[in-house]
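Asker: I would like to see how this sequence folds:
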Amino acid sequence: MSGIWVAAVSAAVLFVGSAWAQQTTPPASGSPAAPPAAQANPFAPAPAPPLPPGMTGSDTSDPRYTLKPGLYDAGEAALGMKHVTTLKKPEAFRMDATSPDDPAVDKTLVQLGAGDMLSRMPKSMKPVIAQLAFSNSDFAFEGNYLFQGNFYGVNIFDITDPAKTSLVTSLVCPGGQGDVSVYGHLLFMSVEMPNGRLDCGAQGFPPDPPAPPPVEGQPPARHIPSAQKDRFRGVRIFDISDIRNPKQVAAVQSCRGSHTHTLVVDPNDKDNVYIYISGTSFVRQPEELAGCSGETPDKDPNTALFRIEVIKVPLASPQDAKIVASPRVFIDARTGALNGLNNGGSHDKGAEKPADTNQCHDITVYSAIGLAAGACSGNGILLDIRDPVHPKRVDAVNDPNYAYWHSASFSNDGTKVVFTDEWGGGLGARCRPNDPNKWGSDAIFHLKDDKLSLASYYKLPAAQGDTENCVAHNGSLVPVPGRDIEVQAWYQGGISVMDFTDAAHPHEIAYFDRGPIDPKVLVLGGDWSAYWYNGSIYGSEIARGLDVFELTPTKDLTQNEIDAAKTVHVAELNVQNQQKIEWPAQLVVAKAYLDQLTRSQALPQKQIASIEKAIRSAEKSHLNTKDVTKLQGIAPGLESKAGSAASPADAARLHALAGILEHPVA
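Answerer: Numbering: from 1, shown residues only. The predicted structure follows:
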């Protein structure tokens with residue numbers, strides 16, 4: 001989930017304003033006239049500034065740094081990952097026009113809601129912004145189906161055989177950014193952009209009159225589109241009982257639209273599900289949606305800023321879904337001030353001064369432990385969600401190395417949280433050799449007694465080029481028992497698989513990457529999301545389509561560990577609604593633990609070889625009584641060893657291994 005559209009259109013507005021100011025300033029006497037600023041390209045690569053003192057950058061000797069550019073023929077590099085297949089975007093979800101003079105470009109910009117800027121937008125910028133209308137975004141999974149969001153709608157794929165993934169149907173329904181979740185027969189989709197219509201129409205709305213030029217020396221005023229009775233910004237709900245013919249059954253409007261949303265399941269409520277709306281865009285006028293206000297809290301205590309929304313969805317009558325609460329999760333509990341959180345200041349240019357946090361970008365709920373981690377622009381926050389309608393903040397952190405808190409993941413045992421920083425809004429090249437490794441990275445926190453404490457940072461180790469938008473983005477846990485592993489998207493940095501079992505020393509164990517789409521211009525692309533689902537990794541490639549991968553063994557990941565991960569099957573996956581992973585007591589899982597104990601030298605090699613021999617015998621006999629009895633005889637010794645293990649991770653592995661040997665299943 002990303003701030004790409006907001007960042008891109010903001011860049012367009014600011015650049016146009018800057019260009020206008022430059023053009024209205026006459027050249028000095030005798031000086032040649034400057035070339036028209038409107039022809040400049042704000043997406044042309046600019047070198048990174050020197051590294052700040054004490055900071056380090058990424059590795060330029062990595063093979064990923066020099067890959068051949070291209071859209072469908074770029075060079076590729078991989079370690080521990082096999083690229084199984086790629087499906088290009090369906091035709092309706094592509095804009096093949098690359099010339100700014102192609103009528104399709106201006107038409108798309110009008111539909112996006114940027115029509116009032118057309119006359120002042122640099123020509124070279126137009127195709128770049130227009131491509132945003134067809135960007136792939138986030139994933140959801142259910143059974144043998146994958147749902148891929150897109151700024152133009154949703155594509156549904158059959159992944160019964162991941163190597164033969166096929167398109168089932170396309171749902172054209174523009175409105176960006178199209179993030180999706182699925183629950184039973186219901187599909188939910190976020191809509192934020194002003195081109196969203198209640199009827200899913202692709203025509204958008206007529207452009208407003210051109211905005212007046214900015215006052216010289218001042219940034220252009222933010223333009224809010226004129227009110228439209230048919231505009232939709234919020235969360236759409238579709239009935240997907242007939243998977244080939246989704247039907248919209250509800251459209252819940254919100255004041256800021258839905259940049260992202262989170263599906264929340266209450267273990268004590270079987271009749272409803274809940275949706276947390278994270279809105280990050282402008283607040284619409286009350287003329288378009290009653291009750292909306294974008295004022296600061298001191299001017300309007302009912303402002304639509306400084307809150308999230310909670311939708312209650314009755315499963316038996318989803319058409320009755322509605323917002324039932326607007327929790328003030330940023331409030332100062334002592335004073336009652338709504339703007340109770342502040343980023344403390346950032347390294348990001350233009351954001352050096354402290355700023356109040358008034359939005360969440362992404363919220364990951366972990367109902368099994370009753371907590372949620374919110375990545376909320378200027379802060380990472382921790383919420384108590386035992387009452388899902390009334391989440392309460394229990395902790396908050398900030399970090400001067402972070403520009404924009406973007407998303408979050410819990411470790412399976414709930415003792416760690418990985419936050420991501422979307423420095424540059426997803427549109428910037430932020431993995432260059434001179435970009436500090438603590439900026440645009442993951443921040444890994446310990447979580448204990450509802451308090452967060454920073455352990456370390458992790459950033460994609462391979463340097464990327466000036467035309468590759470790259471920064472930490474969406475990922476999910478890979479269910480390898482005994483380890484904390486996350487597969488993660490880094491836009492044009494590709495996909496990186498990180499081990500954060502030791503929170504203080506995270507490290508990369510696998511990767512996949514392509515060369516830049518264009519060697520001269522920063523063209524939006526790369527992986528928006530990379531998620532593990534029932535044995536495969538799926539990448540949502542913004543510009544190209546859908547990628548499918550498999551993990552392969554390396555010195556850092558054995559085949560037994562991969563096979564153990566594949567024993568975990570879930571009926572559906574919405575990554576921001578994190579599920580607790582549980583492994584079956586199968587002997588392949590035991591072998592994964594043994595591989596880890598071998599790697600850490602937690603047991604003598606002679607003892608490991610003896611246990612491996614007993615497991616092979618039990619597998620060969622299909623768990624006959626004699627072999628099971630032998631395994632059970634090994635278990636007490638392992639339990640005893642756990643008490644003196646060198647690390648908590650090895651102690652947990654020894655306990656888990658003993659548990660499997662005590663009660664193995666086929």
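
Asker: For the stretch 51-200 of the chain, just list every one of the strands.
Answerer: All strands of the stretch 51-200 of the chain, identified by DSSP state E, counting those that start in this stretch, fall at 76-79, 81-88, 136-142, 145-150, 153-158, 166-172, 177-183, 186-191.

Asker: of those, which approaches residue 383 most closely?
Answerer: Nearest of the strands of the stretch 51-200 of the chain to residue 383, taken as Cβ to Cβ: strand 177-183 at 18.0 Å. Every C-beta, even on glycine, is put in place using the N, C-alpha and C of the backbone.

Asker: Packing partners of the closest one?
Answerer: When contacts are defined as 3 or more Cβ pairs under 8 Å, 6 or more residues apart in numbering; DSSP states H and E, strand 177-183 packs onto strand 136-142, strand 145-150, strand 153-158, strand 186-191, strand 260-264.

Asker: possible to save these as CSV with mean pLDDT?
Answerer: Output for the helices and strands packed on strand 177-183, formatted as CSV (pLDDT from 0 to 100):
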stretch, mean pLDDT
strand 136-142, 98
strand 145-150, 98
strand 153-158, 98
strand 186-191, 98
strand 260-264, 98
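
Asker: got CSV for the ones you listed, with distance to residue 489 and mean neighbour count too?
Answerer: Below are these laid out as CSV (distance: least, Cβ to Cβ, whole Å; neighbours: other Cβ atoms under 10 Å):
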stretch, distance to residue 489, mean neighbour count
strand 136-142, 10, 26
strand 145-150, 13, 26
strand 153-158, 18, 22
strand 186-191, 18, 28
strand 260-264, 15, 27
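
Asker: a markdown table please, covering those and showing distance to residue 352.
Answerer: Formatted as a markdown table, the helices and strands packed on strand 177-183 follow (distance: least, Cβ to Cβ, whole Å):
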| stretch | distance to residue 352 |
| --- | --- |
| strand 136-142 | 30 |
| strand 145-150 | 34 |
| strand 153-158 | 39 |
| strand 186-191 | 31 |
| strand 260-264 | 27 |
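
Asker: do you know which of the ones you listed lies nearest residue 504?
Answerer: Proximity to residue 504 (Cβ to Cβ) singles out strand 260-264 among the helices and strands packed on strand 177-183, at 28.9 Å.

Asker: Just want the angle from that closest one to strand 177-183.
Answerer: Per axes from the mean of the first three to the mean of the last three Cα atoms, to 10 degrees, the angle that strand 260-264 makes with strand 177-183 is 10 degrees.

Asker: mind listing the helices for the stretch 501-650 of the chain?
Answerer: Ranges of helices within the stretch 501-650 of the chain are 559-565, 587-599, 605-620, 625-642, 648-662, based on DSSP state H, counting those that start in this stretch.

Asker: which one of the ones you listed is the most hemmed in?
Answerer: helix 587-599 (a mean of 23; mean count of other Cβ atoms under 10 Å).

Asker: Residues contacting that one, please?
Answerer: With Cβ atoms under 8 Å, 6 or more residues apart in numbering as the test, helix 587-599 has contacts from 480-483, 558, 560-561, 563-564, 567, 583, 603, 605, 608, 611-612, 615, 618-619, 650, 653-654, 656-657, 660-661, 664.

Asker: Could you rerun that using 6 Å?
Answerer: Here helix 587-599 makes contact (Cβ atoms under 6 Å, 6 or more residues apart in numbering) with 481-482, 558, 560-561, 563-564, 583, 603, 608, 615, 619, 653, 656-657, 660, 664.

Asker: what about dumping the CA coordinates of stretch 251-271 to CSV?
Answerer: Output of stretch 251-271 as CSV, limited to C-alpha atoms (Å, rounded to 0.1, in the frame of the first residue of the first chain):
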residue,chain,number,x,y,z
ALA,A,251,-20.3,1.5,-1.1
VAL,A,252,-19.4,3.1,2.2
GLN,A,253,-18.4,6.7,1.8
SER,A,254,-15.7,8.4,4.0
CYS,A,255,-14.4,11.9,4.2
ARG,A,256,-10.8,11.2,3.1
GLY,A,257,-11.5,8.1,1.0
SER,A,258,-9.7,4.9,1.7
HIS,A,259,-6.1,4.9,0.9
THR,A,260,-5.8,1.5,2.6
HIS,A,261,-8.1,-0.7,4.8
THR,A,262,-7.7,-3.5,7.2
LEU,A,263,-10.1,-6.5,7.6
VAL,A,264,-10.7,-7.1,11.3
VAL,A,265,-12.3,-10.3,12.6
ASP,A,266,-13.6,-10.3,16.2
PRO,A,267,-13.2,-13.8,17.7
ASN,A,268,-16.3,-13.1,19.8
ASP,A,269,-18.5,-11.9,17.0
LYS,A,270,-19.4,-14.4,14.3
ASP,A,271,-22.1,-12.2,12.6
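
Asker: ok, the nearest residue to residue 144 once chain neighbours are set aside to residue 168 distance?
Answerer: Excluding its sequence neighbours, the residue lying closest to residue 144 (Cβ to Cβ, 6 or more residues apart in numbering) is residue 160, at 4.3 Å. To residue 168, residue 160 is 11 Å away according to Cβ to Cβ, to the nearest Å.

Asker: picking up where we left off before, minimum distance to residue 548: which of the strands of the stretch 51-200 of the chain has it?
Answerer: Nearest of those to residue 548, taken as Cβ to Cβ: strand 81-88 at 4.3 Å.

Asker: got the angle for that closest one vs strand 145-150?
Answerer: Calculated by the same axes, to 10 degrees, strand 81-88 forms an angle of 70 degrees with strand 145-150.

Asker: chain center to stretch 515-524, what's the gap?
Answerer: Relative to its chain's centre, stretch 515-524 lies at 21 Å (Cα atoms, centre = their mean, to the nearest Å).

Asker: scratch that, stretch 170-182 is what I was asking about
Answerer: Stretch 170-182 has its average C-alpha position 15 Å from the chain's average C-alpha position, going by Cα atoms, centre = their mean.

Asker: Buried residues, it. List them.
Answerer: Neighbour-count burial for stretch 170-182, counted by 16 or more other Cβ atoms under 10 Å, picks out 170, 171, 173, 174, 175, 176, 177, 178, 179, 180, 181, 182.

Asker: end-to-end on it?
Answerer: End-to-end distance of stretch 170-182 (Cα to Cα, to the nearest Å): 16 Å.

Asker: for stretch 294-313, same thing?
Answerer: So stretch 294-313: terminal residues 26 Å apart, Cα to Cα.

Asker: Mind listing what's buried along that stretch?
Answerer: 294, 297, 303-313.
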